[in-house]
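Student: sequence first, predicted model second:
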Amino acid sequence: MTALRQRFLQDLQLRNYAPKTIQAYLAGVVGFVKHCRQSPDQLGAEHLRDFQLHLLQQGVSWSLFNQTVCALRFLYTVTLQRPGLVAMIPYGKKRRPQPVVLAPDEVRRFFRAVPPGRFLLMLRTVYAGGLRVSEVVRLKVADIDAARMLLWVRAGKGGKDRCVPLSAVLLQELRDWWRQQRPTDWLFPGQTAQGHLHVASLQRVCQQASVTADLGKRVTPHTL
């Protein structure tokens, strides 16, 4: 590992960037270095411009393009202490489509298309609490705070904990689930009690229910 690469990673860690973000930023900078075949501390504004044009010619998504921009901005602002170059690394403007929003009746139709059981309860929890699919699969029995009517979400986006309101209806459904299954750690265990259910399993059920409900809209856990 070069000294510059090590310092870049340390700078990200010191600012408490999430592991996935660190991995993505490193990949962006490595791509820049491979394209230019020189160390970043030897490169300037024209090299940055040429690399951004290269990314566009490769047809990368705007999300990846802007993620790479964030990585390069961090590299030159923090690690290399050359903030003057940041103005030469513009973000791309991506099209923002209208989000898919379900009406209450559509939500009911969707849930009726989900087979009864843990997947239905998980999707109802996603809807009621505004949880991400990665968050609902990692819920633990101890995350249900019935006394204060709260549901704790551990290490959510950005590695942060948060709590969301827990409705009486959802609390009762979660209690019924616990009485039936008696999970000890993970609220929705996988094939063994030691591991939680995989996100792909829930996504697959959601996709099937979206087709069955025939709403004319693509429904994902994120939609809920």
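Tutor: Structure received. Predicted, not measured: the structure shown is a model, and the values here were computed from it.

Student: where does the protein dip in pLDDT?
Tutor: Applying pLDDT under 70 to the chain picks out residues 1, 94-95, 158, 193.

Student: and if we set it to 80?
Tutor: Within the chain, the ranges that satisfy pLDDT under 80 run 1, 86-88, 92-99, 155-160, 191-195.

Student: which stretches of it form helices?
Tutor: Taking DSSP state H as the criterion, the chain carries its helices at 3-14, 19-36, 45-57, 62-74, 104-112, 118-129, 133-136, 168-181, 199-213.

Student: which of those helices sits closest to Asp145?
Tutor: Relative to Asp145, the nearest member of those by C-beta to C-beta is helix 168-181, separated by 9.7 Å. (Glycine included, C-beta is placed from N, CA and C.)

Student: of all the residues in that closest one, which ones are buried?
Tutor: Leu170, Leu171, Glu173, Leu174, Trp177 (16 or more other C-beta atoms under 10 Å).

Student: can you list the helices of the chain in TSV and add distance to Lys93?
Tutor: Converted to TSV, the helices of the chain look like this (distance: least, C-beta to C-beta, whole Å):
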stretch	distance to Lys93
helix 3-14	26
helix 19-36	19
helix 45-57	12
helix 62-74	8
helix 104-112	31
helix 118-129	31
helix 133-136	28
helix 168-181	39
helix 199-213	29
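
Student: quick one: stretch 85-103 to chain centroid distance?
Tutor: Taking C-alpha atoms, centre = their mean, to the nearest Å, the mean C-alpha location of stretch 85-103 is offset from the chain mean by 16 Å.

Student: got the end-to-end distance for it?
Tutor: With C-alpha to C-alpha, to the nearest Å applied, stretch 85-103 spans 47 Å between its terminal residues.

Student: give me the contact list for it.
Tutor: Applying C-beta atoms under 8 Å, 6 or more residues apart in numbering, the set of residues contacting stretch 85-103 from outside is 44-45, 48-49, 52, 56, 62-63, 65-66, 69, 72-73, 76-77, 110, 215, 217-219, 223-224.

Student: any chance of a PyMOL selection covering the buried ones in the residues you listed?
Tutor: Here the buried members of these are turned into a PyMOL selection, burial being counted by 16+ other C-beta under 10 Å:
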select buried, resi 48+52+65+66+69+72+73+76+77+110+215+219+223+224
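
Student: His198 contacts Gln191, doesn't it?
Tutor: No - distance between His198 and Gln191: 9.4 Å, which falls outside the contact criterion (C-beta atoms under 8 Å).

Student: more crowded one of those two?
Tutor: More neighbours sit around His198 than around the other of His198 and Gln191, counting by other C-beta atoms under 10 Å; the figures are 12 against 8.

Student: neighbours around the residue nearest to the more buried one when sequence neighbours are not counted, how many?
Tutor: Once its chain neighbours are removed from consideration, His198 has its nearest residue in Gly190; the separation is 6.4 Å (C-beta to C-beta, 6 or more residues apart in numbering). If you count neighbours by other C-beta under 10 Å, Gly190 ends up with 13.
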